[in-house]
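In: sequence-free structure coming up:
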């Protein structure tokens, strides 16, 4: 019965989700002349945050089974530090970019900040996907 | 009648039957759980649609994202995370 219920909830969540999260990230990270890595980072983080808001409701719901609640808490705790570190790296990048525009630093620092940020983005993206999948179970 | 309305109707009906019979059958709890999941999925869908529209507007207007914007998101995430872990 519980397995059927879980399947029903998953199907329900999928059919109700007209705009998958990757569409938001695609929009925020649109390549082109107006592309901004800072905006892309914000889009990834806010997509994850949407899931986090959902997680908060799930864990606060007295109807949520204990194993589902702990599973959601684990997934949240596992991915949050990476998303926060990505945002911090994004803030460093934005600051260095501003300093460079003001002639207060060298272009090499921006390249380093960008490389660091790209590493955090690469770590965060699969976690965003995984966290969303956890919430649909 | 769409699925969401059907669920609300089925949940209400099951709850009334449970109250009348003086019992709370397991099916009522399952229906309430499914109904909660459907409502939650709809809320998440709306949030994501709004988010996509927001970023589309930012791309169109070429609105800059500042360090302060990113740190504000981080602060929100950290605060909510603590609430989730403490629930």
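Out: Perfect, thanks for sending it. Just so it is clear, the model here is predicted, and its values are computed rather than measured.

In: Compute the number of surrounding residues for residue A:70.
Out: 12 (other Cβ atoms under 10 Å in any protein chain shown). The way it works is simple: take the backbone N, C-alpha and C, and place the C-beta from them, glycine included.

In: pLDDT averaged over the longest helix along chain B - what is it?
Out: For chain B, the helix with the greatest residue count under DSSP state H is helix B:26-61. The average pLDDT within helix B:26-61 is 81.

In: Which neighbouring elements make contact with the next helix-or-strand element following that helix?
Out: Counting by DSSP states H and E, the next helix or strand C-terminal to helix B:26-61 is helix B:67-86. Contacts defined by 3 or more Cβ pairs under 8 Å, 6 or more residues apart in numbering or on different chains; DSSP states H and E place helix B:67-86 against helix A:37-60, helix A:66-101.

In: Compare the ones you listed and give me the one nearest residue B:60.
Out: Nearest to residue B:60 among the helices and strands packed on helix B:67-86 is helix A:37-60 (11.8 Å), distances taken as Cβ to Cβ.

In: name the helices or strands packed onto that closest one?
Out: helix A:21-28, helix A:66-101, helix A:107-135, helix B:26-61, helix B:67-86.

In: Quick check: buried residues in the last one?
Out: By neighbour count with 16 or more other Cβ atoms under 10 Å in any protein chain shown, helix B:67-86 contains the buried residues B:67, B:69, B:70, B:71, B:73, B:74, B:77, B:80, B:81, B:84.

In: The second one against residue A:43, yeah?
Out: The one in question is residue B:69. No: contact criterion Cβ atoms under 8 Å: residue B:69 and residue A:43 do not qualify, at 11.4 Å.

In: The residue sitting nearest the centre point of chain A: what's it in contact with?
Out: Geometric centre of chain A, nearest residue: residue A:48, 3.2 Å, by Cα atoms, centre = their mean. Residues in contact with residue A:48 (Cβ atoms under 8 Å, 6 or more residues apart in numbering or on different chains) are A:79, A:83, A:124, A:127, A:128, A:131, B:77.

In: surely the fourth one meets residue A:81?
Out: No: using Cβ under 8 Å, residue A:127 is not in contact with residue A:81; the gap is 9.7 Å.

In: Neighbour count: the two, which is higher?
Out: Set side by side, residue A:127 and residue A:81 show more neighbours around residue A:127, with 19 against 13, by other Cβ under 10 Å.

In: Identify the spatial nearest neighbour of residue 52, chain neighbours not counted.
Out: Picked chain A for this. Leaving aside its chain neighbours, residue A:52 sits nearest to residue B:80 (5.5 Å; criterion: Cβ to Cβ, 6 or more residues apart in numbering or on different chains).

In: You answered for a different chain; I wanted chain B.
Out: Closest to residue B:52 by Cβ to Cβ, 6+ apart is residue A:24, at 4.7 Å.

In: What of residue A:49?
Out: Nearest one to residue A:49, counting by Cβ to Cβ, 6+ apart, is residue B:77 at 5.8 Å.

In: Quick one: residues contacting that neighbour.
Out: A:45, A:48, A:49, A:52, A:80, A:83, A:84, A:87.
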